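Student: sequence? don't have it. structure:
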């Protein structure tokens, strides 16, 4: 495993690393050591694979197989892999039952916009002012990360492309980690919907 070489593509040149855990965009080190990072909680995956040794066997068993496209199929924005894997993770880790009904996206947005005193027309329109963008990011985060709506659904509702919404949500996540007040506001807003 230490002999693996991963290529880190950057705008200037390619950089090879000797060990996969040295590749800055890999979660391998977190899973191998069983220690979480700001964005990776290895616990659920390690539990499914039988701990750190199970993870090691999984990686070693897959070395000769090449790229496995099924690991990258998106069934739910929070999980990568086949539907069976998603359901197993939900049952074992989150204890969450598949939702058969949920409140329509438009109604959730209306309630959030009302609570945040933001006109829906401004949120769906071209306004890029700081205040409107901030509320749009907060609502997109709550919808995708707390309410389980897909990035694609949220993007369609706001008249944006999925990449823009995904970027907004990612930036908001980083901001939440850095600023306690934003995290508290998000928790407060999440409880009302």
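Tutor: Done, it's in. Predicted model only: the values in this text are computed from it and were never measured. Numbering: from 1, shown residues only.

Student: for the protein, which segments count as helices?
Tutor: 28-33, 43-49, 51-62, 83-89, 105-115, 120-124, 130-141, 151-158, 162-178, 180-192 (DSSP state H).

Student: any idea which of those has the lowest pLDDT on average?
Tutor: Note on the helices of the chain: helix 83-89 shows the lowest mean pLDDT, a mean of 68.

Student: that older thread, same list, the helices of the chain, but as JSON lines with distance to residue 16 please.
Tutor: Where you see a C-beta, it was placed from the backbone N, CA and C, and this is true even at glycine. As requested, those are exported to JSON lines (distance: least, Cβ to Cβ, whole Å):
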{"stretch": "helix 28-33", "distance to residue 16": "15"}
{"stretch": "helix 43-49", "distance to residue 16": "26"}
{"stretch": "helix 51-62", "distance to residue 16": "19"}
{"stretch": "helix 83-89", "distance to residue 16": "31"}
{"stretch": "helix 105-115", "distance to residue 16": "45"}
{"stretch": "helix 120-124", "distance to residue 16": "45"}
{"stretch": "helix 130-141", "distance to residue 16": "36"}
{"stretch": "helix 151-158", "distance to residue 16": "33"}
{"stretch": "helix 162-178", "distance to residue 16": "27"}
{"stretch": "helix 180-192", "distance to residue 16": "38"}
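
Student: can you lay out those helices as CSV showing mean neighbour count?
Tutor: Formatted as CSV, the helices of the chain follow (neighbours: other Cβ atoms under 10 Å):
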stretch, mean neighbour count
helix 28-33, 18
helix 43-49, 15
helix 51-62, 13
helix 83-89, 15
helix 105-115, 16
helix 120-124, 15
helix 130-141, 19
helix 151-158, 19
helix 162-178, 16
helix 180-192, 13
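
Student: and those: which comes nearest residue 20?
Tutor: Closest to residue 20 of those, according to Cβ to Cβ: helix 28-33, at 4.6 Å.

Student: list the contacts of the closest one.
Tutor: 20, 21, 36, 37, 40, 42, 45, 46, 52, 55, 56, 59 (Cβ atoms under 8 Å, 6 or more residues apart in numbering).

Student: repeat for stretch 171-182
Tutor: Contacts for stretch 171-182 (Cβ under 8 Å, 6+ apart): 38, 39, 137, 138, 140, 141, 145, 183, 186.

Student: for the closest residue to residue 17 other than its chain neighbours, give its distance to residue 38.
Tutor: Computed as Cβ to Cβ, 6 or more residues apart in numbering, the closest residue to residue 17 that is not its neighbour in sequence is residue 23, at 5.1 Å. From residue 23 across to residue 38, the span is 17 Å (Cβ to Cβ, to the nearest Å).
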